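1. Here is a sequence together with a model predicted from it:
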There are 2 protein chains.
Amino acid sequence: MTREECLALDAADPLAAFRAEFTLPEGVVYLDGNSLGALPRRTSARVTQLIDEEWGQGLIRSWNTAGWYDLPRGLGDRLAPLVGASPGEVVVCDSTSVNLFKTLAAALRLRPGRKVVVADPDSFPTDLYVTEGVGGLFDGVRRRLAGPDDLSGVLDDEVAVVLLSHVDYRTGRLYDMAAVTEQVHRHGALMIWDVCHSVGALPLRFGDCDVDFAVGCTYKYLNGGPGSPAFVYAAERHHAADQPLTGWFGHTDPFAFDVGYVAAPGAGRFLVGTPPMLSLAGLQASLDLWSTVDLAALRAKSLALTGLFIELTEGLDLVTPRQPGRRGSQVSFRHPSGYQVVQALIERGVIGDFRTPDIMRFGFAPLYVGFCDVWDAAQQLADVLASGSWQQDRFSQRSAVT
Amino acid sequence: MTREECLALDAADPLAAFRAEFTLPEGVVYLDGNSLGALPRRTSARVTQLIDEEWGQGLIRSWNTAGWYDLPRGLGDRLAPLVGASPGEVVVCDSTSVNLFKTLAAALRLRPGRKVVVADPDSFPTDLYVTEGVGGLFDGVRRRLAGPDDLSGVLDDEVAVVLLSHVDYRTGRLYDMAAVTEQVHRHGALMIWDVCHSVGALPLRFGDCDVDFAVGCTYKYLNGGPGSPAFVYAAERHHAADQPLTGWFGHTDPFAFDVGYVAAPGAGRFLVGTPPMLSLAGLQASLDLWSTVDLAALRAKSLALTGLFIELTEGLDLVTPRQPGRRGSQVSFRHPSGYQVVQALIERGVIGDFRTPDIMRFGFAPLYVGFCDVWDAAQQLADVLASGSWQQDRFSQRSAVT
């Protein structure tokens, strides 16, 4: 493979036109869209419209006239095709952590006789922290730690719910949603998928896979903006489920100001408080863009990009599966000085990230990363490693956020 | 009092210059800043800077370089002078409802032998819904309903925590924070204040009043923007308190990616997930403005405005206390057709709101409401009532949000 061949691949890319829909800094190859997605060009105008027209001129009236009140459900319905859900099964609200709390608690209440929550010790830490927090509120509930490969050793009729990540945030490994869900269901337990690292990276099929609940992030591949609200999927059969974060936006008729709580129908019962509209408007803009994406083409390009990067970095300590069907949209390597290497790359305009203890992580968002980007990143990585330039002192200075 | 005298009061108003800091539509008297505060002129530029520069150009790096990571604590410290808190005692995050959940759960764990939560049946409904939701998670915990006037009948050594609103959202009645907190403490219970309807309306003194926890809204008098994140106050003596919504932003070192949860120091342990930065940027802009406000002058003007409105509407069924020290910054009346009257007023450009079953509510945000506005609103209200124009059919059509 040559750079010229990469140019040809970019020219033939059916998703190439999406690149112009994003703002990216000059001279940057952005391979961290799996942590914070790039800025859609349309976002600023939409948020400015919300601020200047809807808030500034419409004021309180915009809850009705600008459709603010309906947005958590409306954006959920907009997300539904990306995750294989039906209308009414997805709402946008709160953070991933808060939504994990709600779904875990709901699942425990749906399996009252069972006292075990299974979580993956390799999952993103907030999943572990939330299972700790929820567990402490349910009498006798305890946790078993096991990843998707080790489920057979922990599944039994004590397990109420299993929480797993669809794509491992460090290795990029993709798990088989249908098979794992089926395995969990065979033991009578419920399945919650954390799809933070797969939504917008590949097509999801919650309905077909018989998923019970799922929680996902909108600021990574979905480009909603830093900290944009997360989403909750609740399969229709669980729309009578009981979750304990009962706030007025989850009430069936908030403006009746009833003294007693009556949960809203559908996934709406997972709403809690007044939603942060500026951040929702950012997500609204990016989901407008996402509604035009062919997810099969997205997945095909993602696998081509990650496959090419794996090919061009041969010889490094790859931790991402080579088999296409077993990886998400990122490629990771172990390196004992991974932090410094990543910092040196960032200085050269190739932005990936580092995850403790020794993982260098590169995400490939197919809407704005091209084949020449992959080529250039691989060249820079090879050059940083060959030159030893990462050994300079300034690359060892840790920042608050790594 | 004449309109000329109102003009003179506006001319002499030491806060008059703040009016130019806000955008308001032509021809509108906005008396609903207690529901959604008006738009500060500086907000749009700040949010656009966050989107175009920090997100668009800085990308993931902005968590460090633009100070995003520190903002939930930084904005808390910026809020502290408005509520009489010390640095480290306030964080900005999540919604009011979610924060009530956290503080109620923390309080119950601080009083493990006690099984009663006291809540006010007249509080904003979300406070009641959240006490229901929390109660269901703690074995044997039950609720007693009582307002601030009726506490003596319900306080005993079974009460773990009392949750009350500082200003009643319907009547605008202000309660004595110091006296009520002291009464609750005398029974060994903890005190949580919901200050959604008082923060930014009058100076608060959490430290002086020995408040345990407080939760407040930033999108009403504080002008953070629709749904801007709420805040949590935790008195320093409760900084080892245990709250069950344990997410990675509340971890003492989130980027260590530890498997076990270790709560952050200070009020930081009330943080949960990744914060919605666009909405936080809106709040950052408005708190920049609020840092220049003289709170004694604010309170003096607020009482003058509400006092004048009460005087000019004499004869209506006032439910707000006439005694200045006993009201917040709103004036409310009962009217059997309150909904229609409010709609008719809105059509004339006087925006108040209606709260079920029969409350017409008018809020007076001293930074952008003047004495002539009060005069004009009172005239319009009198005219609508005298003319009976509210009886037209179109004013009966209920909207989703009232």
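-> Noted; the coordinates are in hand.
2. In contact with A:Val141: list those residues for me.
-> If you count contacts by CB atoms under 8 Å, 6 or more residues apart in numbering or on different chains, A:Val141 has them with A:Leu108, A:Lys115, A:Val116, A:Val117, A:Val134, A:Gly135, A:Ala160. C-beta: built from backbone N, CA, C; applies to glycine.
3. how near is A:Ala16 to B:Gly74?
-> Computed as CB to CB, to the nearest Å, the A:Ala16 to B:Gly74 distance reads 41 Å.
4. what does A:Met360 give?
-> 31 Å.
5. again with A:Ala256
-> Counting by CB to CB - A:Ala256 and B:Gly74 are separated by 38 Å.
6. hmm, back to that, among A:Met360 and B:Gly74, which residue is more densely surrounded?
-> Of the pair A:Met360 and B:Gly74, A:Met360 is the one with more neighbours under other CB atoms under 10 Å in any protein chain shown, namely 23 against 17.
7. What's opposite the more buried one in the beta bridge?
-> Counting by DSSP bridges, A:Met360 is bridged to A:Phe333, A:Phe354.
8. list the contacts for A:Val118?
-> A:Val118 is in contact with A:Arg143, A:Arg144, A:Leu145, A:Ala146, A:Leu151, A:Val154, A:Leu155, A:Val159, A:Val161, A:Val162, A:Leu163, A:Ala189, counting by CB under 8 Å, 6+ apart.
9. Spatially nearest residue to the residue in the stretch 251-400 of chain A that chain B sits nearest to (excluding sequence neighbours)?
-> Chain B sits closest to A:Gly273 of the stretch 251-400 of chain A, with a gap of 2.4 Å, by CB to the nearest CB. In space, and not counting its chain neighbours, A:Gly273 is closest to B:Ser95: 2.4 Å by CB to CB, 6 or more residues apart in numbering or on different chains.
10. is it true that the one you found touches A:Leu245?
-> No - contact between B:Ser95 and A:Leu245 fails when scored by CB atoms under 8 Å: they sit 9.7 Å apart.
11. From the contacts of A:Val141, which land in strands?
-> A:Val116, A:Val117, A:Ala160 (DSSP state E).
12. Please name the residues that touch the last one.
-> The one in question is A:Ala160. So A:Ala160 contacts A:Ala107, A:Leu108, A:Leu110, A:Arg111, A:Arg114, A:Lys115, A:Val116, A:Val117, A:Val141, A:Ala189, A:Leu190 (CB under 8 Å, 6+ apart).
13. Enumerate the residues of the stretch 301-402 of chain A near chain B.
-> A:Ile346, A:Ile351, A:Asp353, A:Arg355, A:Thr356, A:Ser399, A:Ala400, A:Val401, A:Thr402 (CB under 8 Å from any CB of the partner chain).
14. tell me the phi and psi of the residue lying closest to the fourth one once chain neighbours are set aside?
-> Using CB to CB, 6+ apart and skipping residues adjacent in sequence, the residue nearest A:Arg355 is A:Arg170, 5.1 Å away. For A:Arg170, the backbone dihedrals (degrees, to the nearest 10) come out as phi -90, psi -50.
15. pretty sure A:Arg170 contacts A:Asp358?
-> No - judged on CB under 8 Å, A:Arg170 makes no contact with A:Asp358 at a distance of 9.7 Å.
16. Those two - which one has more neighbours?
-> Between A:Arg170 and A:Asp358, counting by other CB under 10 Å, A:Arg170 is the more crowded of the two (23 against 16).
17. how about that one, what does it touch?
-> A:Arg170 makes contacts with A:Asp122, A:Val319, A:Ser332, A:Arg355, A:Ile359, A:Arg361, as judged by CB under 8 Å, 6+ apart.
18. and the residue lying closest to A:Leu145 once chain neighbours are set aside, how far is that from A:Leu289?
-> Among residues not flanking A:Leu145 along the chain, A:Pro121 sits closest, at 4.3 Å (CB to CB, 6+ apart). To A:Leu289, A:Pro121 is 36 Å away according to CB to CB.
19. can you give me the helices in the stretch 201-350 of chain A?
-> For the stretch 201-350 of chain A, helices defined by DSSP state H, counting those that start in this stretch occupy the ranges A:277-290, A:295-312, A:338-347.
20. Show me chain A divided up by domain.
-> A:3-30+A:295-396, A:46-290 (automatic domain parsing).
21. what is the rounded mean pLDDT of the last one?
-> In this model, domain A:46-290 has a mean pLDDT of 97.
22. what separates that domain from the chain centre, distance-wise?
-> 11 Å (CA atoms, centre = their mean, to the nearest Å).
23. Quick check: end-to-end length of it?
-> The straight-line separation of the ends of domain A:46-290 (CA to CA, to the nearest Å) is 15 Å.
24. shouldn't A:Asp373 be in contact with A:Gly27?
-> No - assessed by CB under 8 Å, A:Asp373 is found out of contact with A:Gly27, at 11.7 Å.
25. between the two, who's got more neighbours?
-> Legend: neighbour count by other CB under 10 Å for A:Asp373 and A:Gly27, higher for A:Asp373 (22 against 8).
26. who touches the more buried one in this structure?
-> By CB under 8 Å, 6+ apart, the neighbours of A:Asp373 are A:Val29, A:Leu31.
27. make it 7 Å
-> Residues in contact with A:Asp373 (CB atoms under 7 Å, 6 or more residues apart in numbering or on different chains) are A:Val29.
28. Any figure for the gap between it and A:Leu31?
-> Relative to A:Leu31, A:Asp373 is positioned 8 Å away (CB to CB).
29. Tell me the strands beside the strand or helix carrying A:Ile192, with direction?
-> Taking DSSP states H and E as the definition, A:Ile192 sits inside strand A:190-194. Sheet pairing of strand A:190-194 (DSSP bridges) gives strand A:159-165 (parallel), strand A:213-216 (parallel).
30. sorry, back to before: can you tell me which two in the contacts of A:Val118 are farthest apart?
-> Maximum pairwise distance among the contacts of A:Val118 (CB to CB): 15.2 Å, between A:Leu145 and A:Ala189.
31. what are the phi and psi angles of the residue nearest to A:Leu145?
-> According to degrees, to the nearest 10, A:Pro121 has phi -60, psi -20.
32. circling back: from the residues of the stretch 301-402 of chain A next to chain B, which single one is nearest A:Ala179?
-> The shortest approach to A:Ala179 among these belongs to A:Arg355, at 26.5 Å (CB to CB).
33. can I assume that closest one is in contact with A:Gly363?
-> No - the criterion here is CB atoms under 7 Å, and A:Arg355 misses it with A:Gly363 at 11.4 Å.
34. how many other residues sit next to the closest residue to A:Ser302 other than its chain neighbours?
-> Excluding the flanking residues, the one nearest A:Ser302 by CB to CB, 6+ apart is A:Ser329, at 4.3 Å. By other CB under 10 Å, 29 other residues sit near A:Ser329.
35. What residues does A:Phe22 make contact with?
-> Contacts of A:Phe22 by CB under 7 Å, 6+ apart are A:Ala38, A:Leu39, A:Pro40, A:Arg41, A:Leu367, A:Tyr368.
36. Okay then, goodbye and thanks.
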